[in-house]
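Peer 1: One predicted model, sequence on top.
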Amino acid sequence: MSLAEDTPPRATGFRFERWAPLILLAGAALIYVAVAIGTGQAQYLTLDNLIAILGRSIALGITAIGQTFVILVASIDLSVASLISATAVLASVVMDGAPAMILPAILAALALGALVGVCNGLMVSALKVNPLIATLGMSLIIQGCLSAFVSNFAGKVPVAFQVFAYGEIGPFPLALIFLALMAALAWAVLRFTRFGSDIYAVGGNEEAARFAGIKTGRVVILTHVICSVCAAIAGLYLASRLRSGAPWIGSDGVYDLESIAVVVIGGTVLAGGRGGIWGTMAGMLIFSLIDSVFNIAGVDSFAKQVLRGIIIVAAVAFYAIRSKRIVA
Amino acid sequence: MTAPAPGSAPMIEMKGITKTFPGVRALSDVSFDVRAGEVQALVGENGAGKSTLIKILSGVYRADSGAVLLNGEPVHFAHPVESLRAGIAVIYQEFSLLPERTVAQNLFLGREPRTRFGLIDGARMRRETREVLSLFAAAGRIDPDRIVGTLDVATQQVVEIAKAVSTGARVVVMDEPTAALNEAECEELFATVDTLRTRGVAIIYITHRMREIARLADRVTVLKDGEVAARFDEVPEPAEIVRAMVGRDIADFYAAPATAGEIGPPVLTVRGGGNAVLKGIDLEVKAGEIVGLAGIQGAGRVALAMALFGQAPFERGEVTLSGERVDFRSPRAAILGGVGLLPGDRKSEGLVLMQSVRDNGMLTSRAFAPLWASDRRNAHADTTGMDGLLDRMEIRAASYDQDIRALSGGNQQKAIVARWLSMRPKLLIFIEPTRGIDVNAKAGIYHLMRDLAREGAGILMISSDLPEVIGAADRVLVMQEGRIVAAFGRGASEQEIMHAATGGAEVAA
Amino acid sequence: MSDSTARPRAARRRLPRVNPVWLLLAALILAIVFMNPGFVEPTGYMNFLKRAAPLAILAAGQVYVIVSGGFDLSVGSLITLVVVGSSMLTNNDPSATVWVIPLMLALGLGVGAVNGAIVCFLRVPSLIATLGMMITLNGLAFLWSGGAPRGYLPDTFRFFGRELIKDVPLVRFIPVSVIVLVVVVGLLTWLMHRTNLGRQVHAIGDNPVAARLAGVAVNRVRITAFMLSGLSGALAGILLGGFAGVSTDVGTGYELQAITAAVLGGAQLLGGRGSVPAAVGGALALTAIFTLLNFLGLPQPVRQVVQGLILIAAVALAMHRREETGT
């Protein structure tokens, strides 16, 4: 008989966690509108501007989709930022301005992502290394290897590949449509495939999943591969946008921590088993809106960093404070 | 009720099973079988070896010697998945359901039906879920799309059983399935078991409640101290089962009750105590007396303990401790006020497993000493020091520097008692004091509780083991749905208490 | 009901086992001596200790947080903030050292207290809380210095990191930082392994529920652990400011090095077990590895790769050992 024994079943009616991302999103949107009007900059309240806001967080959005998968199985990936840098540099160096090398470069970047994902997954599931430590260690290794070869912008992205970041279909940037498609695909995988169901099972109760015959190790490895491949795609996108790759673009964007924060704000719990992609997308929107608020309000970039750190912690606290569990 | 066809071959046969854990012989030469379409009751006290036997059957453990035969063929399960595939489903007390997923998703976990395109066939899953659930009385209440975590315990249990049935299990093992059910829910479960039986499923039903054995069982096997103590091909009189189960004279097993002279003034008085779980609690514990608190799982017994201990405080009512009004908002406050608590789950709530016996004993006294004080302070061996207290508990350990994990459950429990002795509490709350403790050590714990009471402490003992509540307590209170619904003096019967605990008694106004 | 009575593990060897980190350290030092015989001279090993001192102090503080069940990733940026902040505050005024150093120690304690409070009261896992703190402190360091820190720390401030005490018998000289190291590690060892605080830090990392039900002031103990880690970060910053100069990346990477050192010393991630002296041994071993890599002429980034590999290998080995012994 444990302390939890007497807990009555949870109420069926209003479930706070379900609606929290939307409430937060509405709040962020309100603040944005208020700041835009308050500072007399109503020109920021157009559809074009909304698209522009979204366009700034595409790399974060792609990374966060991958991060959602690993967090759903109660793992985590802190190596995405270095991997983003590494794949951006790799792609840019392989392309080096030659349109013919676009496809090989893309394949190389995705392969690197898959390799890192397999390594992360194996460390977590087979060697039982704490995922935080495993992926932090992986991050060091990637960053070290990268710094050994390049110290500044390296290679050049041909114009043809810059379409990824700058192309438009109608009023929408190509990359934004790509992000939407990725999100839809991720949603479908989680919702309609056995793999998706296995992910929730492994994150919810690993032992029950194993007793049901699910190969839990394989599920964990696959989610890590998905996460790393997403980071690789984000790296490709950034290379396309910056027209070259540099070894600091990942860590400058704090993509590791921000992608985790986005996922958590979206209602996916760090302990795994609960959450989903739409929440993550809402989280991404919240972050872009906050960023835009800073821009409109003209917050100094260093102060922005300070505020960001605080917001990330506050966002996690927003969910965590309701739990009774003792955390460390 | 369909009786098994006489002489039909056993579906599962376990022959000469022996299992030793380092230092403990858990099972020796146990043979056991169950036929299709019958309920074989497996009874025995805590620690008699029931769970070990089931874990060997399902492939969690491997037997040292002996054989498991399924339909006459020897089988070796290395993993629970293999036994599940072979048609053996075990329903443990801790459910293996995913609380965040729907009923249908849980039922088909790991084997979801798929469409031609390889996607999950949600419609078929829902349809088949409804089909499986229609076997059970609760069917009408359960929507396949309902999130399991929002169902009550009894309904979750139906889902758990439905899951076993839907895997096509031919052998279903139920481990004390009624522990958390009220009377109506029990009846529903019995009906479910009957359904399974008529469908030719072999059922192993673990319990120690005589009423359920009489109602359900076709045959009974009694385990005691890892051996088969008795085997009945027809359900015998309860007394006969109890004798086989306990195998000793009850009288000196429990300590003598308190005499009138030993009972002093009230230590604890609660008037109208309530919070989210508890309603209108009126309670009195006197110095020198042991009050037993019975009830089914979820009745609020632990909630009451946690309210008294400040972990999940009362929101209404008043609490008086030794004549003083108190309102504890944290365990620390309660401990300072003179309350001690022995948690029900030693491993997860009581022990600091990586530390020594002495460290575990000193945990509380250290928590109230200055942070920078030496960790050897008050560790000394005279009567007031921790080593002295541990000596008095007669803890069997190579040394008090030994890791506590290496000790037996009984000795671990004594170390936790020693933790409280150093604080001289006025009220001690024991939750499941003898769970997982071997039979011989139980008597030691009962006598220890009595000694503490004689020294003037009031003791509140929460236990799911009815014979223990009856034998060790001076008075028995029964809880149901967050209220205290009945009170008995010494000599209450199990039937009376069960009746009150499962909703038979009038709810006190 | 469960039949899982505690089973005494078979054949527990109760011989005093040497922590493997000391064997590793001995092997590494032999290798260094082999490659550079001058290491046995006081100039050799004292300089080594001097260089290792900030990390060793940091590791000793980190052990408190790890044993309590958490991580402190904010110490690296705390070092940066201490160095940058000290240079801003002293502003080349040697006499300012007297109040700047206590202020910086207080800053370390304060940052630790905030970390602890976020974990305890907002229930944010320490990893996220201290990562957020890391970003915030880095931003503050930039904000304070306007992005480009200028000037040098006055010599009075650099005394602790740089000065040597000469004419010491036997070893000829002792760097002040080594004295700081010995005193701090001595104090932290005593506090962790000889006092109530230390036993309670172990207890809350091992089983916080049991600790709370036994009356341990879990929050107070946890916040104290974070404060000690913050204090060690401030001390490491003061030493590093002495010999590394002022920049906005002095502290970068130190948080992971500290965790690696603690894990090398056998500290158990997620709490319950760990030793201050062994973490210091881990820090010395890590510094020795870096020294060897320098001798081998390997470029700086290789250090990162090696450190990543060591971190993963140490944790993987520890997990493997735990599975074997079932503890």
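Peer 2: The structure has been received and is ready for your questions. Keep in mind it's a predicted model, so treat the numbers as computed, not measured. Residues are numbered from 1 along each chain as shown, chains lettered A, B, ... in the order given.
Peer 1: Spatially central, which residue of chain A would that be?
Peer 2: A:Ala64 (1.5 Å; Cα atoms, centre = their mean).
Peer 1: Residues of the stretch 151-300 of chain A that sit close to chain B?
Peer 2: The interface of the stretch 151-300 of chain A toward chain B, taken as Cβ under 8 Å from any Cβ of the partner chain, is made up of A:192-194, A:196-198, A:200-201, A:204-205, A:207-214, A:273-274. Where C-beta positions appear, they are placed from N, C-alpha and C, glycine not excepted.
Peer 1: Run the chain-centre distance for the strand or helix carrying A:Ala88.
Peer 2: Element membership for A:Ala88, per DSSP states H and E: helix A:80-95. Its chain's average C-alpha position is 16 Å from that of helix A:80-95, according to Cα atoms, centre = their mean, to the nearest Å.
Peer 1: With stretch A:32-42 instead?
Peer 2: With Cα atoms, centre = their mean as the basis, stretch A:32-42 stands 29 Å off its chain's centre.
Peer 1: average pLDDT across the one helix or strand C:Trp190 maps to?
Peer 2: In this assignment (DSSP H and E), C:Trp190 forms part of helix C:176-193. If you average the pLDDT over helix C:176-193, you get 95.
Peer 1: Please enumerate residues in contact with the helix or strand following that helix?
Peer 2: Sequence order places helix C:196-206 as the next helix or strand after helix C:176-193, per DSSP H and E. Residues outside helix C:196-206 that contact it (Cβ atoms under 8 Å, 6 or more residues apart in numbering or on different chains): A:328, B:352-355, B:359, B:362-363, B:366-367, B:369-375, B:377, C:64, C:66-69, C:191-192, C:210-211, C:214, C:216, C:218, C:221-222, C:224-225, C:270-274.
Peer 1: what do you get if the cut-off is 7 Å, keeping everything else the same?
Peer 2: A:328, B:352-355, B:359, B:363, B:366-367, B:369-373, B:375, C:64, C:67-69, C:191-192, C:211, C:216, C:218, C:221-222, C:224-225, C:271-272 (Cβ atoms under 7 Å, 6 or more residues apart in numbering or on different chains).
Peer 1: just stretch A:319-326 next, same as before
Peer 2: Contact with stretch A:319-326 is made by A:Val264, C:Leu122, C:Arg123, C:Val124, C:Pro208, C:Val209, C:Arg212, C:Val218, as judged by Cβ under 7 Å, 6+ apart.
Peer 1: my guess is the last one meets C:Ala210, correct?
Peer 2: No - applying Cβ atoms under 7 Å, one finds C:Val218 not in contact with C:Ala210, separated by 10.3 Å.
Peer 1: mind checking how far B:Ala89 is from B:Gly16?
Peer 2: Remark: distance between B:Ala89 and B:Gly16 (Cβ to Cβ, to the nearest Å) = 25 Å.
Peer 1: How far off centre is the host helix or strand of A:Tyr319?
Peer 2: Assigned by DSSP H and E, A:Tyr319 falls within helix A:301-320. On the basis of Cα atoms, centre = their mean, helix A:301-320 sits 16 Å off its chain's mean C-alpha point.
Peer 1: Stretch C:301-312 too?
Peer 2: Centroid displacement of stretch C:301-312 relative to its chain, using Cα atoms, centre = their mean, is 17 Å.
Peer 1: Please save the CA atoms from that stretch in PDB.
Peer 2: Only the C-alpha atoms of stretch C:301-312 are listed here, as PDB (Å, rounded to 0.1, in the frame of the first residue of the first chain):
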ATOM      1  CA  PRO C 301      38.800  20.100 -29.600                       C
ATOM      2  CA  VAL C 302      40.000  16.500 -29.000                       C
ATOM      3  CA  ARG C 303      39.700  17.300 -25.300                       C
ATOM      4  CA  GLN C 304      36.000  17.700 -25.700                       C
ATOM      5  CA  VAL C 305      35.600  14.500 -27.600                       C
ATOM      6  CA  VAL C 306      37.700  12.600 -25.000                       C
ATOM      7  CA  GLN C 307      35.700  14.100 -22.200                       C
ATOM      8  CA  GLY C 308      32.400  13.100 -23.900                       C
ATOM      9  CA  LEU C 309      33.700   9.600 -24.200                       C
ATOM     10  CA  ILE C 310      34.900   9.400 -20.600                       C
ATOM     11  CA  LEU C 311      31.600  10.800 -19.300                       C
ATOM     12  CA  ILE C 312      29.500   8.200 -21.200                       C
END
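Peer 1: contacting residues around that stretch?
Peer 2: The contact list for stretch C:301-312, computed with Cβ under 7 Å, 6+ apart, reads A:123, A:129, A:133-134, A:137-138, A:140-141, A:143-145, A:147-148, C:257, C:260, C:263-264, C:289-290, C:293.
Peer 1: before we move on, the earlier item: can you tell me which of the contacts of helix C:196-206 are buried?
Peer 2: Among the contacts of helix C:196-206, those classed as buried by 16 or more other Cβ atoms under 10 Å in any protein chain shown are A:328, B:352-355, B:359, B:363, B:366-367, B:369, B:371, B:375, C:64, C:67-69, C:191-192, C:211, C:216, C:218, C:221-222, C:224-225, C:271-272.
Peer 1: Narrow those residues to those in helices?
Peer 2: Per DSSP state H, helices hold the following members of the buried ones among the contacts of helix C:196-206: B:359, B:363, B:366-367, C:64, C:67, C:191-192, C:211, C:218, C:221-222, C:224-225.
Peer 1: Format these as a markdown table; extra columns: distance to A:Arg243.
Peer 2: Shown next, in a markdown table, are those (distance: Cβ to Cβ, whole Å):
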| residue | distance to A:Arg243 |
| --- | --- |
| B:Asp359 | 62 |
| B:Leu363 | 62 |
| B:Arg366 | 62 |
| B:Ala367 | 61 |
| C:Tyr64 | 47 |
| C:Val67 | 48 |
| C:Leu191 | 55 |
| C:Met192 | 53 |
| C:Ala211 | 56 |
| C:Val218 | 53 |
| C:Val221 | 53 |
| C:Arg222 | 48 |
| C:Thr224 | 51 |
| C:Ala225 | 47 |
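Peer 1: out of these, which one sits closest to B:Val193?
Peer 2: For those, the minimum distance to B:Val193 (Cβ to Cβ) is 42.4 Å, reached by C:Ala211.
Peer 1: Wait, the closest one touches C:Val218, no?
Peer 2: Yes - using Cβ under 7 Å, C:Ala211 is in contact with C:Val218, at 5.7 Å.
Peer 1: Beyond the lowest-mean-pLDDT helix or strand in chain A, next helix or strand please.
Peer 2: When the helices and strands of chain A are scored by mean pLDDT, DSSP states H and E, helix A:47-56 comes last with a mean of 82. Using DSSP H and E, the helix or strand that follows helix A:47-56 in sequence is helix A:58-72.
Peer 1: Alright, I will stop here.
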